[in-house]
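**Student:** Have a look at this prediction, sequence included:
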Amino acid sequence: MNQFLTELRRRNVFRVAAAYLVVGWLLIQVTTLIEAPLNLPGWTDTLVIVLLALGLPVALLLAWAFEMTPEGMRPTAAVPEGESIAPQTGRRIDFAILGGLALVAALVVGSQFMPSRQAPTAAAPATVPLDARSVAVIPFAAFSTAEEDRFFADGLTEEILNSLAALPDLLVTSRTSAFQFRGDDLPSIGEIAAQLGVAHVVEGSVRRSGNQVRVTVQLIRASDDVHLWSGTYDRVLDDVFGIQEDIAENIAALMGVALDDRLRERLRQSGSGNVEAFIAYQRGYEIMARHHFIDASRMIEAEPYFERATELDPTLSQAYLLQGDYYAHAMVELLVEPGTFQAAEYAALAAEAERLIAAANANADDPDRLLLARGEQIFFSDDWTDAAEVTDQIFDQTRCLDSNWATNLALLASRFDDFIDNDLRHLRCDPLAHQTRLLTATIMMHAGRAEEAVAHVEFLEANNYVNAFLRPNLNLALGRRTSEADLAAWREEDPVSVRLFEISQASYFNDGETANRLAAEALADPDLPLGTRLIVNALIGNREGANAAAALIDARPTRGLPLMLAVVGCKCGAPFDIEATPNFQAQMEAAGFPWPPLFGLEFALKDG
């Protein structure tokens, strides 16, 4: 045995093994560092490790069987003992090992002075301009072909985004805009940052392998493409969401944002700790986002995923709120559908929306989300006692959270300037949210700020966001007519809406003959929705007909929603007398909202 070990040492087998391990370790570290920046597959480092493991016995076998001589590689048995240069080769290998170890030491020591997963030392907050404290978190790449892993990566990305958004001194791009930048064919970091209006971009990758997860994250300064910080996290699946606090602290420190105990606690409370619940939520969210503004009826396809999410994690407030949004849209659709109003169906939809919004309210994980859930709860209820106070608080919060239905209360409160300012603030952190821009432009058109709406309309048209109502309504707000040729395409798509617009246009320009002719044709339709009947009568100055329709609506158990829709849809101030709607009047008085509302255009034919 001793003779065998002596022969191993003479043939430099031990030295070759040591050199192989040092070089292999260095190769693994280099692969880990370049994997994310070069968009290499997530299994690249695993492949390197496997190849190195397979190569070790081959290297040792070669060291035993062959010797390097001046004439090249020769079988060791063929080299006379007196001609062997194995001792000199061994010394060269020793130097190579020492050099490799020195490089290893340099990497280890150097990593202590580089930004790491511990919060780095940063300049005092006062030295960092507020404009520079802006960041977008774009979707992390999922290094797997499994569809579930993409949703997992989206969930983790959103968790990190939400953690950063919880810090009031940071401007963080909302998911709606940031998640438009996914896939392989992306613009440069500088171009992404320019479109989103931020100074920094966070990108990363996620790889799942069984119960193990590796997450890499990089913070990039857009102005010069400098990587300010990067981190690699290896976690078991159940522990992976804990990294968001660490990532947020690193990024906040680099931008000069100080974290106190209250903010750290908010980071810890963000999102869901249940991985499968969050994957189900992400699936549901994607369906909602796809159909929300195109075909709201298809949002029902998301319901099984939201049900699964809240079954696994009953505290997931956002899942309840988004699930409830389908029922809210279904209620509105039922109100505007032609034919006989289906009271029982509406009541069932309203009860389900109320249940889900109440659950969202009960489980909201931070004060701002609690506020928005409370606002929606008031909006769909018949008790508006706290409406003005909650609306004030919604407008006071600075987070980039979509208020959805709740801020519509501001229109009845004649607070359209506050509504617009709130949406403009939202666009600062969500610049590619087309629906927000559309709503902002629409309110501007009918609140005496039509000239400001032009830029938003042009932005939407330049980005191929098609909305048939947009340009005609802008023309009306600017005092311009829309030609028959321009209305032709819209008429094929939505003849009922075109007819209502044509009545509005004739009323605005005091064309009584056209307005009354078109109104008579519309009102002769027995299936005309009651809300549309109210608006048509209001636009042609038939106050008695408008009040009669409003009274019928008020007698239904539909609360204030349909009459609110009529006020906003008419864009004509008060389309009916408040005394004709005692239930709606009680709601308005409880909220302290004025009547008539100040929101709307001046229609020449409208009475009162």
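**Tutor:** Done, it's in.
**Student:** Assign a three-state SS to the closest residue to S230 other than its chain neighbours, would you?
**Tutor:** Take S230 and drop its neighbours on the chain: the residue closest to it by Cβ to Cβ, 6 or more residues apart in numbering is Q218, 4.5 Å away. Every C-beta, even on glycine, is put in place using the N, C-alpha and C of the backbone. The three-state assignment at Q218 reads strand, by DSSP: H, G, I helix; E, B strand; the rest coil.
**Student:** Who are the packing partners of the host helix or strand of R374?
**Tutor:** In the assignment (DSSP states H and E), R374 maps to helix 367-379. The helices and strands touching helix 367-379, judged by 3 or more Cβ pairs under 8 Å, 6 or more residues apart in numbering; DSSP states H and E, are helix 317-336, helix 343-363, helix 387-396, helix 409-412.
**Student:** Any idea which of the ones you listed gets closest to L534?
**Tutor:** With respect to L534, and counting by Cβ to Cβ, the nearest of the helices and strands packed on helix 367-379 is helix 317-336 at 11.4 Å.
**Student:** Next, the buried residues of the closest one.
**Tutor:** For helix 317-336, burial by neighbour count (16 or more other Cβ atoms under 10 Å) applies to 317-332, 334-335.
**Student:** what bridges to the residue nearest to S230?
**Tutor:** E203, S230 (DSSP bridges).
**Student:** Tell me, how many residues neighbour it?
**Tutor:** Neighbour count of Q218, defined by other Cβ atoms under 10 Å: 18.
**Student:** if I look at it, how far off is L164?
**Tutor:** Distance of Q218 to L164, computed by Cβ to Cβ, to the nearest Å: 14 Å.
**Student:** Now the helix holding R374 - C-alpha only, PDB.
**Tutor:** Written as PDB, here are the backbone C-alpha positions of helix 367-379 (Å, rounded to 0.1, in the frame of the first residue of the first chain):
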ATOM      1  CA  PRO A 367     -53.100  50.400   4.900                       C
ATOM      2  CA  ASP A 368     -53.100  51.600   1.200                       C
ATOM      3  CA  ARG A 369     -54.600  48.400  -0.100                       C
ATOM      4  CA  LEU A 370     -57.100  48.300   2.800                       C
ATOM      5  CA  LEU A 371     -58.100  51.900   1.800                       C
ATOM      6  CA  LEU A 372     -58.800  50.900  -1.800                       C
ATOM      7  CA  ALA A 373     -60.700  47.800  -0.800                       C
ATOM      8  CA  ARG A 374     -62.800  49.900   1.500                       C
ATOM      9  CA  GLY A 375     -63.500  52.400  -1.300                       C
ATOM     10  CA  GLU A 376     -64.800  49.700  -3.600                       C
ATOM     11  CA  GLN A 377     -66.900  48.300  -0.800                       C
ATOM     12  CA  ILE A 378     -68.600  51.700  -0.400                       C
ATOM     13  CA  PHE A 379     -69.000  52.200  -4.200                       C
END
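**Student:** and the angle for it with helix 387-396?
**Tutor:** Calculated by axes from the mean of the first three to the mean of the last three Cα atoms, to 10 degrees, helix 367-379 forms an angle of 150 degrees with helix 387-396.
**Student:** Which residues does helix 367-379 contact?
**Tutor:** Residues outside helix 367-379 that contact it (Cβ atoms under 8 Å, 6 or more residues apart in numbering): 317-318, 321, 324, 328, 354, 357-358, 360-361, 364, 384, 386-387, 390-391, 393-394, 397, 399, 401-409, 561.
**Student:** Report the angle between it and helix 317-336.
**Tutor:** Angle, helix 367-379 to helix 317-336, by the same axes, to 10 degrees: 20 degrees.
**Student:** so how many other residues sit close to L476?
**Tutor:** Other residues near L476 come to 22 when the count uses other Cβ under 10 Å.
**Student:** My read is that it contacts Q505, right?
**Tutor:** Yes - contact between L476 and Q505 holds when scored by Cβ atoms under 8 Å: they sit 6.0 Å apart.
**Student:** Tell me, please, the helix or strand in the protein that averages the lowest pLDDT.
**Tutor:** Using mean pLDDT, DSSP states H and E, the weakest-scoring helix or strand in the chain turns out to be helix 86-113, at a mean of 56.
**Student:** Check which helices and strands the helix or strand following it sits against.
**Tutor:** Sequence order places strand 134-137 as the next helix or strand after helix 86-113, per DSSP H and E. If you count contacts as 3+ Cβ pairs under 8 Å, 6+ apart, strand 134-137 packs onto helix 147-165, strand 171-172, helix 175-178, helix 189-196, strand 200-209.
**Student:** what's the overlap in contacts for L476 and Q505?
**Tutor:** Shared contacts of L476 and Q505 (Cβ under 8 Å, 6+ apart): T482.
**Student:** Can you give me the domain assignment for this structure?
**Tutor:** Listed by automatic domain parsing, the domain ranges of the chain are 2-113, 125-270, 481-608.
**Student:** Now tell me which of these the model trusts least on average.
**Tutor:** Among these, domain 2-113 has the lowest mean pLDDT, at a mean of 60.
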